[in-house]
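Engineer: heads up, no residue letters with this:
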């Protein structure tokens, strides 16, 4: 069923399994206990950061299959994406799996995009079991978007730290406790922010727009949810999100948290404005959020991952930063 | 309905409109008469090749809306992708449209990927009207994947010429003559080809795999279709495709053509092994193929776009080239 922008499922896609893999720094942060695998170093035994990122995705997919005692051939489709040029983290991870591969790109919003598309696949009957996976890697992202680590550049106060991590979710048409209840896909919002070191500010307007549309479409209020988690707005972006929503008389503060503020101890771990990356919201979702939904600490949450759709080329050409946010409403049906 | 890998629609998504925009060189080729818009130069009045590519997509979307007398707000979702780093051709084109934006990446197979996902959206009832669009631009692709044009590098005999062009298709749940009948999404196939100047060879195994699976799943034969169009295998890749399919006792030669061999006069226009790019199969589909389906010259075709999922980084790191191919069966229902 469709209400304006929001798709509300009659045939609900269920969450059959999920897994998270993160790097060492993430494993030293406040969410450490929630992650399935914490790697020992940044290279994961590979020759390059890019190959290490590929391995993160492979590990996440393997872990989700292992938990469910399933094999590659049981999966009908793999929705995957990452931040690397031509999404090589994902395509190389999918190589050798024999699972139909559907590449997606939504920058740091990719987990919500892939999970949303996967949900529609399962709900429509086009697939019985699908996996949605995304990743990012601090070192490959720094090299590609900013400077090689060897330069030792100074980070600006508004900059965010790209998470080394991956999260994978398996959806199924078979009844389980947790389900995807509804989705709002966002449009590209650009209020003219040009500072590529302040992506939180560029993404906040998109998050505000998508959250407002979802609440309007469903006739619900922030307090109807026991958690509203934005993707990775960080400190700067979160403050802006509150400001933008206040103008619409929407106050989410009591139930809101931002994946970019949760995964690290911002001050102790020296990550400036917080965390970011397609692996940030993915690992927080498949770590903290889904584990708390599974055990009943949370029941009904909104996961709104945000993306900054820039490239180094667009920034060099003087373009502003288009933002996007997709929202997924996830419930634990057993508790209702 | 699902038969192994192939999704056969009960609620069929219909093609409500389509449009093609190509560059000057494409407009001098054998398919010139089929394109809606042929641009006067490569820059389209923009300051950079990347912005020109963005404009190609914007023009294609505007044209498809204009033909159907619709506006942005009538469209529920926009599936878009291109070859540029972080898919900026698509995200910047979507900026300002207010249409929910779903970014996809499948290299040169992106038109089939976006059209396939769009079909599932419409068939499932998640959307009433959606647009699938992709693009590529010779100059932005050369600069990004190979060398800046100013270098004047020599092209290898196996290299393909990236098409400057874009194609957009609007799908609708309302009955029309042309429909998407079925889809087979492919998996990543990599037989170890490492030559980034021979992408046809890297993609041919994926095309062979997807075509074989589709024919097996549907119990049909090549001669049941009046056209099997691969994405952009070029001369080298097409020869390999025939060879691989012959081993499986499948002969498609009589009904096959390759978009990469159709859009240019290969010898006269000096494009070596043929054409390529996400805009190649997109513009041939929305130019030649759909116009011939619309007028009844064709009735039942297979569109199998192929992609080489490499990046300059993966090539520099010594990786081989993963290929992928997605297949869409398009019919003119009126004629059956």
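Structural biologist: On my side now, so go ahead. Please read all numbers here as calculations on a predicted model, not as lab measurements. Residues are numbered from 1 along each chain as shown, chains lettered A, B, ... in the order given.
Engineer: lowest-confidence helix or strand of chain A?
Structural biologist: Across the helices and strands of chain A, mean pLDDT, DSSP states H and E gives its lowest value to strand A:2-3, namely a mean of 91.
Engineer: does chain B have contacts with the helix or strand following that strand?
Structural biologist: Per DSSP states H and E, the first helix or strand lying C-terminal to strand A:2-3 is strand A:6-8. Yes. Judged by C-beta under 8 Å from any C-beta of the partner chain, strand A:6-8 comes into contact with chain B at residue A:7. From N, CA and C alone the C-beta is placed, and that goes for glycine too.
Engineer: any idea how far strand A:6-8 is from the chain center?
Structural biologist: Relative to the mean C-alpha coordinate of its chain, strand A:6-8 is positioned 19 Å out (C-alpha atoms, centre = their mean, to the nearest Å).
Engineer: sheet partners, orientation included, of it?
Structural biologist: Next to strand A:6-8 in the sheet, as set by DSSP bridges, lie strand A:2-3 (antiparallel), strand A:178-184 (antiparallel).
Engineer: which stretch in those is the model least sure about?
Structural biologist: Of all the strands paired with strand A:6-8, strand A:2-3 carries the lowest average pLDDT, namely a mean of 91.
Engineer: ok so, going back, including mean neighbour count, could the strands paired with strand A:6-8 go into CSV?
Structural biologist: Output for those, formatted as CSV (neighbours: other C-beta atoms under 10 Å in any protein chain shown):
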stretch, mean neighbour count
strand A:2-3, 14
strand A:178-184, 24
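Engineer: kindly reformat the ones you listed as TSV containing distance to residue A:221.
Structural biologist: Listed next are the strands paired with strand A:6-8 as TSV, based on distance: least, C-beta to C-beta, whole Å:
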stretch	distance to residue A:221
strand A:2-3	16
strand A:178-184	15
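Engineer: and those strands: which comes nearest residue A:87?
Structural biologist: strand A:178-184 (21.7 Å; C-beta to C-beta).
Engineer: so what touches the closest one?
Structural biologist: Identification of contacts with strand A:178-184 by C-beta atoms under 8 Å, 6 or more residues apart in numbering or on different chains yields A:5-9, A:12-15, A:115-116, A:119-120, A:123, A:171, A:210, A:213-214, A:217-218, A:290, A:293-294, A:300, A:326-333.
Engineer: buried subset of those?
Structural biologist: Buried by 16 or more other C-beta atoms under 10 Å in any protein chain shown: A:5-9, A:12-15, A:115-116, A:119-120, A:123, A:171, A:210, A:213-214, A:217-218, A:290, A:293-294, A:300, A:326-332, out of the contacts of strand A:178-184.
Engineer: how close does residue A:109 sit to residue A:219?
Structural biologist: Residue A:109 sits 25 Å away from residue A:219 when distances are taken as C-beta to C-beta, to the nearest Å.
Engineer: so what's the closest residue to chain B within the stretch 1-150 of chain A up against?
Structural biologist: In the stretch 1-150 of chain A, no residue comes nearer to chain B than residue A:124, which is 3.2 Å away by C-beta to the nearest C-beta. With contact set as C-beta under 8 Å, 6+ apart, residue A:124 has these partners: A:11, B:120, B:123, B:124, B:125, B:126.
Engineer: okay, and which of these map to strands?
Structural biologist: Of the positions in the contacts of residue A:124, not one sits in strands, assigned by DSSP state E.
Engineer: okay if I get those as a markdown table plus distance to residue B:157?
Structural biologist: Shown next, in a markdown table, are the contacts of residue A:124 (distance: C-beta to C-beta, whole Å):
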| residue | distance to residue B:157 |
| --- | --- |
| A:11 | 52 |
| B:120 | 40 |
| B:123 | 43 |
| B:124 | 46 |
| B:125 | 49 |
| B:126 | 46 |
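Engineer: these in helices, which ones?
Structural biologist: Under the assignment DSSP state H, the contacts of residue A:124 contribute B:120, B:123, B:124 to helices.
Engineer: neighbours around the residue lying closest to residue A:238 once chain neighbours are set aside, how many?
Structural biologist: The shortest distance from residue A:238 to any non-neighbouring residue, by C-beta to C-beta, 6 or more residues apart in numbering or on different chains, is to residue A:258 (4.9 Å). Applying other C-beta atoms under 10 Å in any protein chain shown, we find 27 residues neighbouring residue A:258.
Engineer: no more questions from me, cheers.
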